[in-house]
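Visitor: sequence unknown, structure follows:
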């Protein structure tokens with residue numbers, strides 16, 4: 001924790017006696033602390049499909065919002081990486097996916113060309129196509145190495161597992177696990193890198 005984070009935490013703790021808020025501020029990033037203006041009642045839109053959580057630190061998902069969905073902020077600032085919303089539903093969402101409501105979200109067409117399943121995928125088992133971005137959801141079909149896919153929209157990150165999901169429309173509609181962005185190990189590659 002840097003000097004300013006400590007100063008804010010100590011001031012809140014001693015002045016207001018709010019140890020829970022102090023702990024949350026201690027976990028907040030410098031960017032969150034820099035944006036400490038009162039956001040209550042402000043409109044924001046989500047720039048990717050995202051889960052709405054029942055609590056700030058929990059994993060219980062209340063619903064999912066589609067890219068472009070507008071929300072109304074229900075607290076002055078984000079704490080511990082999430083902020084409360086009251087519309088369209090009460091809950092908490094990650095702050096990194098928010099844009100101002102009057103912002104036009106960029107086109108999500110794929111500029112790098114066709115995408116194919118790469119050789120990380122087991123050629124016997126294949127890569128499951130799920131009906132939703134969860135490994136627990138029903139499997140619709142499977143993809144195999146060198147198979148061409150059509151990606152729809154931006155990748156969706158499952159914050160609880162760290163897995164990136166891709167929504168696809170070809171050869172079947174559904175969701176596939178693309179891998180972990182932190183390790184840079186993905187199940188897809190531009191087709192031209194595979195010689196296709």
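Guide: Received the coordinates, thanks. A quick note: this is a predicted structure, and the numbers were derived from the prediction, not measured.
Visitor: what's the helix or strand for residue 45?
Guide: Using DSSP states H and E, residue 45 sits within strand 43-46.
Visitor: quick check: domain ranges of the chain?
Guide: The record assigns the chain these domain ranges, following automatic domain parsing: 1-34, 37-106, 115-194.
Visitor: Name the residues linked to the residue positioned nearest the centre of the chain by a beta bridge.
Guide: The structure's the chain has its C-alpha centroid closest to residue 157; by Cα atoms, centre = their mean the separation is 4.3 Å. Legend: beta-bridge partners of residue 157 under DSSP bridges are residue 164.
Visitor: quick one, what contacts it?
Guide: By Cβ atoms under 8 Å, 6 or more residues apart in numbering, the residues touching residue 157 are 48, 163-165, 181. Where C-beta positions appear, they are placed from N, C-alpha and C, glycine not excepted.
Visitor: what's near enough to touch the spatially closest residue to residue 194 that is not a sequence neighbour?
Guide: Leaving aside its chain neighbours, residue 194 sits nearest to residue 116 (5.4 Å; criterion: Cβ to Cβ, 6 or more residues apart in numbering). Shown in contact with residue 116 (Cβ under 8 Å, 6+ apart): 146-149, 188-191, 194, 196.
Visitor: cool, and residue 45?
Guide: When contacts are counted by Cβ under 8 Å, 6+ apart, residue 45 is found next to 68-71, 98-101, 103, 105.
Visitor: Now go through the residues you listed and say which are in strands.
Guide: Those of the contacts of residue 45 mapping onto strands are 70-71, 98-100, per DSSP state E.
Visitor: Neighbour count and distance to residue 124 added to the residues you listed, as TSV?
Guide: As requested, the ones in strands among the contacts of residue 45 are exported to TSV (neighbours: other Cβ atoms under 10 Å; distance: Cβ to Cβ, whole Å):
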residue	neighbour count	distance to residue 124
70	13	45
71	24	44
98	21	42
99	14	43
100	9	48
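Visitor: So which of these is the closest to residue 90?
Guide: Ranked by distance to residue 90 (Cβ to Cβ), these are led by residue 71 at 10.5 Å.
Visitor: gap between residue 51 and residue 191?
Guide: Distance, residue 51 to residue 191, by Cβ to Cβ, to the nearest Å: 31 Å.
Visitor: try residue 115
Guide: Counting by Cβ to Cβ - residue 115 and residue 191 are separated by 7 Å.
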